[in-house]
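> turn this into a structure:
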Amino acid sequence: MGRGVRIGIAGLGGMGSNVAVMLVRSGFRDLVVADFDTVDESNIARQAYLPCHLGMSKTDALASVLHDIDPGASVEVHDTRLDASNAAGIFSACDVVCEALDDPESKAMLVETLLEAGFTVVACSGMAGDGDANSIVTRRAMGRLWVCGDGVSDVASEGRLNAARVSVCAGHMALAAMHLAQGEEPRFCIQGD
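As a prediction, this is how the structure comes out:
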């Protein structure tokens, strides 16, 4: 499973780092990851990092985690802030890209940039709080864009991110990316308007 498939992950926080771990644990061994941040103590609770990664770039820390899971994994790292000028080039060889950025403006810019460049994108929206895990779904928003989450909850209104709910949404993203990268329609997908 996953041979000859390359998946990109933009943003390596709670969502992106967990998506990457799920992909590698599922046999997908070729990833391109991008983030500009470093691991700090607040990341340990819901991200894939451990205390030994404190102070490391998230790209290097995640590559270390993924190589511990599968020493044969290929992890291309880009320790940079993604923008409209570099995103398409960074993910140029990817079959699908998972958008896992925190900032709404950055999320919108990345999705728009990648869709305009012809990429298939799995994005996330709405996984904050401790609400019903069954409210998190995968839906086809349009064309080559799938969105995972409840589409409603955000950190501003819910006040926090819950590790369990973030993991549920990350699972949705990983499954959608796996299916799409293999040329399949994501299963359990709600069709958009």
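
> list of residues touching the helix or strand hosting Val111?
Using DSSP states H and E, Val111 sits within helix 104-116. Identification of contacts with helix 104-116 by CB atoms under 8 Å, 6 or more residues apart in numbering yields 10, 82-84, 87-88, 91, 97, 99, 101, 121, 123, 125, 143-145. Quick note: C-beta positions are derived from backbone N, CA and C, even for glycine.

> of the residues you listed, select the buried ones using a PyMOL command.
In PyMOL, a selection of the buried entries from the contacts of helix 104-116 looks like this (16 or more other CB atoms under 10 Å):
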select buried, resi 10+82+87+91+97+99+101+121+123+125+145
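
> now the strands for this protein?
Per DSSP state E, the chain carries strands over the ranges 7-10, 30-35, 74-79, 96-99, 121-124, 137-142, 145-149, 189-191.

> export these to TSV and tack on mean pLDDT?
Shown next, in TSV, are the strands of the chain (pLDDT from 0 to 100):
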stretch	mean pLDDT
strand 7-10	98
strand 30-35	98
strand 74-79	98
strand 96-99	98
strand 121-124	96
strand 137-142	91
strand 145-149	93
strand 189-191	62
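
> looking at the ones you listed, which is closest to Arg165?
Closest to Arg165 of the strands of the chain is strand 145-149 (CB to CB; 9.3 Å).

> could you say what helices and strands the closest one packs with?
Contacts defined by 3 or more CB pairs under 8 Å, 6 or more residues apart in numbering; DSSP states H and E place strand 145-149 against strand 121-124, strand 137-142, helix 163-181.

> of the ones you listed, which stretch is the most buried?
When those are scored by mean count of other CB atoms under 10 Å, the highest mean neighbour count falls to strand 121-124 (a mean of 27).

> my guess is Glu76 contacts Leu31. True?
Yes: using CB atoms under 8 Å, Glu76 and Leu31 qualify as a contacting pair, with a distance of 7.1 Å.

> in terms of neighbours, single out the busier of the two.
Leu31 (25 against 17; other CB atoms under 10 Å).

> what is that one paired to in the beta sheet?
Ile7, Val75 (DSSP bridges).

> Ile69 is in contact with Val24, isn't it?
Yes: using CB under 8 Å, Ile69 makes contact with Val24 at a distance of 5.1 Å.

> so between the two, which is more surrounded?
Higher neighbour count among Ile69 and Val24: Val24, with 25 against 13, using other CB under 10 Å.

> quick one: contacts for that one?
Leu31, Leu66, Ile69, Asp70, Ala73.
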